[in-house]
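In: Build the 3D model from these lines:
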Amino acid sequence: MAFNQSEDKVKKDIEERMSKIDKSDESAAVSEYIDLSNYILKNENKLKDSQFVSKKLKKIGDELLRMGEYEKAVQCFEKALNRDPNDIETILKKGRAFMKMDEMNEYALKCFNDVLKKDPENKKAVLNKANVFRILGWESNAMRTFRELLDVNRSNITEIHKLVKQNPDDPILWRIEAEYFEEEGKIEKAIKAYEKVLTLEPENESAIEGMVELASKNVSKAIEQAEKLEEKGQKSLAKRLYQGILERNPDNLEIIKKMLSLEPKNTELLRKKAQHLEEKGKVEEAKEAYQKFYEQKDDMLGYYNKALEIDPEDKDLLYEKGELFYNKREFEEALDIYDRLFELGENDPDLWHNKGACLYHLERYEEAIDAFDQALQREEDDLEAWSNKGLVFYEMGEYEEAIENFNEVVKRDQNHSQAWYYKSMVSARQGEKKKARNFLKRAIDLDRTFKEKAKNEDAFENMKDEDSFKELIS
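Out: Reported below is the predicted structural model:
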């Protein structure tokens, strides 16, 4: 009986002291709660009412936790658990106290795991466990545990929303929000959450993958995010995002164009762009895209063939293709192109020039003369046509006719150096050396490059040993 009276007295003292502390200001309350906890522990052997002891130690622990005395709070919770080891709420509070202490998060983790052994769907334990992982930087564990929280009950997202507001700079929390919104079909909100992750961590792989996944549901928003990354100078990340979007949307021309803005020489992208434009019937844009593609492959003939396949009557392309063949000395092929242009109604002097030049190189001299005559019918003062026609006659050995044509040139332009040079060649072939020297001097006076050219000219072979000729070209 005496023993019970002793217990009652201790309990009464505890109640009175606790009531007094409740009325104290906070600065005094801290030391008073610590003193009270020490008093309870000192008289623990007199207190057989475990529920009473546990309740009071929990209360003191709660207050010490609130006041920042975390180590003392832990001690109170531990003593409370000695009396009631299955008290889940006390284990949770002990874990939260550990979370507040430096480098004690792993002890906190153990507390929350202990709760989950007793109550596998305890929302507070899962949430706090995820938070510990987040604080420790164990991202994958944190994400998995937050997902477990949502698996227990989707409404638990409200707890995550609260954490986001409390920790707005934590990418892990934004990621779990993004995934939740994505699963709920709230694409706009999901994208905004991923955007926040990438703002905080521009190289966050998971966020990029999440944005890519959303691309199939909202391409425009995903592109917008990639553009933001570009603006921030994160071009490599923007490129990866575009690549991911393109993998899921291989026919999206806008994304192909975006990728090409980052990789303008990517032949595969150029080919895709050209093909898409061709399929859409955008002929001019397709030709331009194919040109860039074939330029990268250094295959302009391939370009002309493809572009003319799309637009067989593009006269400018035919002209360019003909010129390509001519420069490659593939004169038969060039001639076919020029004849095709005649079929399409082209009839200008330049085209007749080109045809005449091909025929000249093919030694089809009569046809070449006819072609140059056609050019002169359309433009009587066409100096190039007169000059080329004279050159054809020269090659045929018809020197008088050659001179007549070169004279037509110099009659119209006294400073046409090439015509004077050709006249000197003809005169040399005719054995008129004096005329040849005079004409050559005139050509050299107008253009000194003919001095060097004359040194290797076969037409002057019979003059090269003469002092007057040597003096002229020295």
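
In: Quick check: chain neighbours aside, which residue is closest to Y294?
Out: Sequence neighbours aside, Y303 is the residue nearest to Y294 in space, at 3.4 Å (criterion: Cβ to Cβ, 6 or more residues apart in numbering). Yep, even glycine has a C-beta here, placed from its N, CA and C like the rest.

In: What separation do you get for the one you found and K297?
Out: Y303 sits 9 Å away from K297, going by Cβ to Cβ, to the nearest Å.

In: Roughly how far does E330 sit from R442?
Out: 36 Å.

In: Neighbour count: these two, which is higher?
Out: R442 (19 against 15; other Cβ atoms under 10 Å).

In: for that one, what are its contacts?
Out: 417, 420, 424 (Cβ atoms under 8 Å, 6 or more residues apart in numbering).

In: give me that answer again for 7 Å
Out: W420 (Cβ atoms under 7 Å, 6 or more residues apart in numbering).

In: so which strand or helix has it?
Out: helix 433-446 (DSSP states H and E).

In: before we move on, back to that, so between Y303 and K297, which is more surrounded?
Out: Taking neighbours as other Cβ under 10 Å, Y303 and K297 compare with Y303 leading, 22 against 12.

In: confidence score at that one?
Out: Note for Y303: predicted pLDDT of 93.

In: ditto for the one 5 residues further on
Out: If you check L308, the pLDDT there is 94.

In: any idea how far it is from Y319?
Out: Taking Cβ to Cβ, one finds L308 at 11 Å from Y319.

In: go on, I223?
Out: In terms of Cβ to Cβ, I223 sits 40 Å off from Y319.

In: and the two? which has more neighbours close in?
Out: I223 (20 against 17).

In: Could you list every helix and strand that the helix or strand harbouring the more buried one packs against?
Out: Using DSSP H and E, I223 maps to helix 219-231. Under the contact definition 3 or more Cβ pairs under 7 Å, 6 or more residues apart in numbering; DSSP states H and E, helix 219-231 sits against helix 187-200, helix 205-215, helix 235-248, helix 253-262.

In: Run through who's touching that helix.
Out: So helix 219-231 is contacted by 191, 195, 211, 214-215, 237-238, 241-242, 245, 249, 252, 254-255, 258 (Cβ under 7 Å, 6+ apart).

In: Determine which two of these are furthest apart.
Out: E195 and N252 (20.3 Å; Cβ to Cβ).

In: Where does the prediction get shaky in the protein?
Out: Filtered on pLDDT under 70, the chain yields the residue ranges 1-5, 215-217.

In: okay, now the domains of it?
Out: The domain map for the chain lists 168-260, 424-474, with the assignment taken from automatic domain parsing.

In: show me the residues around E284 that make contact.
Out: E284 neighbours (Cβ under 7 Å, 6+ apart): none.

In: Please give the element, helix or strand, for it.
Out: Going by DSSP H and E, E284 is part of helix 283-296.

In: For the following helix or strand past that helix, give me every contacting residue.
Out: For helix 283-296, the following helix or strand on the C-terminal side (DSSP H and E) is helix 300-310. Residues from elsewhere that reach helix 300-310 (Cβ under 7 Å, 6+ apart): 278, 283, 286-287, 290-291, 294, 314, 317, 320-321, 324.

In: what's the most distant pair in those?
Out: Taking Cβ to Cβ, no two of the contacts of helix 300-310 sit farther apart than E278 and L324, at 21.8 Å.

In: rewinding a little: looking at the contacts of helix 219-231, spot the one nearest E139.
Out: M211 (17.3 Å).

In: From K196, how far off is that closest one?
Out: 12 Å.

In: Which of those two has more residues huddled nearby?
Out: Between M211 and K196, counting by other Cβ under 10 Å, M211 is the more crowded of the two (27 against 21).

In: can you pull the contacts of the more buried one?
Out: 194, 222, 225, 241.

In: what about the second one, neighbour count?
Out: Using other Cβ under 10 Å, A222 has 26 neighbouring residues.

In: Could you do the third one as well?
Out: For Q225, the tally of surrounding residues (other Cβ under 10 Å) stands at 23.

In: Next: S474.
Out: 8.

In: For A428, see how far away it is.
Out: 18 Å.

In: All the helices of the stretch 51-200 of the chain, residue numbers only.
Out: 70-83, 88-99, 105-118, 123-136, 139-152, 157-166, 171-183, 187-200 (DSSP state H, counting those that start in this stretch).

In: do the same with the stretch 251-400 of the chain
Out: Under DSSP H, counting those that start in this stretch, the stretch 251-400 of the chain gives helices at 253-262, 267-279, 283-296, 300-310, 315-327, 331-343, 349-361, 365-378, 383-395, 399-412.

In: buried stuff in the fourth one?
Out: If you call a residue buried by 16 or more other Cβ atoms under 10 Å, then helix 300-310 has these buried ones: 303-304, 306-308, 310.

In: excluding its backbone neighbours, what's nearest the residue nearest to the spatial centre of the chain?
Out: In the chain, the centroid-proximal residue (Cα atoms, centre = their mean) is K239; its distance is 2.2 Å. Excluding the flanking residues, the one nearest K239 by Cβ to Cβ, 6+ apart is L262, at 4.9 Å.

In: What's the separation between the one you found and K232?
Out: 14 Å.

In: Please pull up the helix or strand immediately following the longest helix along the chain.
Out: For the chain, the longest helix by residue count, based on DSSP state H, is helix 2-22. Remark: after helix 2-22, the chain's next helix or strand is helix 26-42, criterion DSSP H and E.

In: could you say what helices and strands that next one packs with?
Out: helix 2-22, helix 50-66, helix 70-83.

In: Throw those into TSV and include distance to F406, thanks.
Out: As requested, the helices and strands packed on helix 26-42 are exported to TSV (distance: least, Cβ to Cβ, whole Å):
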stretch	distance to F406
helix 2-22	123
helix 50-66	110
helix 70-83	108
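
In: TSV please, covering those and showing mean neighbour count and distance to E400.
Out: Putting those into TSV (neighbours: other Cβ atoms under 10 Å; distance: least, Cβ to Cβ, whole Å) gives the following:
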stretch	mean neighbour count	distance to E400
helix 2-22	13	132
helix 50-66	20	119
helix 70-83	21	117
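
In: wait, which of those is closest to I187?
Out: helix 50-66 (41.3 Å).

In: hmm, who's touching that closest one?
Out: Taking Cβ under 7 Å, 6+ apart as the rule, helix 50-66 contacts 11, 14, 18, 33, 36-37, 40, 47, 72-73, 76-77, 79-80, 83-84, 87, 90, 93, 96-97.

In: Quick one: distance of it to the chain centre.
Out: 59 Å (Cα atoms, centre = their mean, to the nearest Å).

In: contacts for stretch 85-104?
Out: So stretch 85-104 is in contact with 54, 58, 61-62, 65, 70-71, 73-74, 77-78, 80-81, 105, 107-108, 111-112, 114-115, 118-119, 122, 124-125, 128, 132, going by Cβ under 7 Å, 6+ apart.
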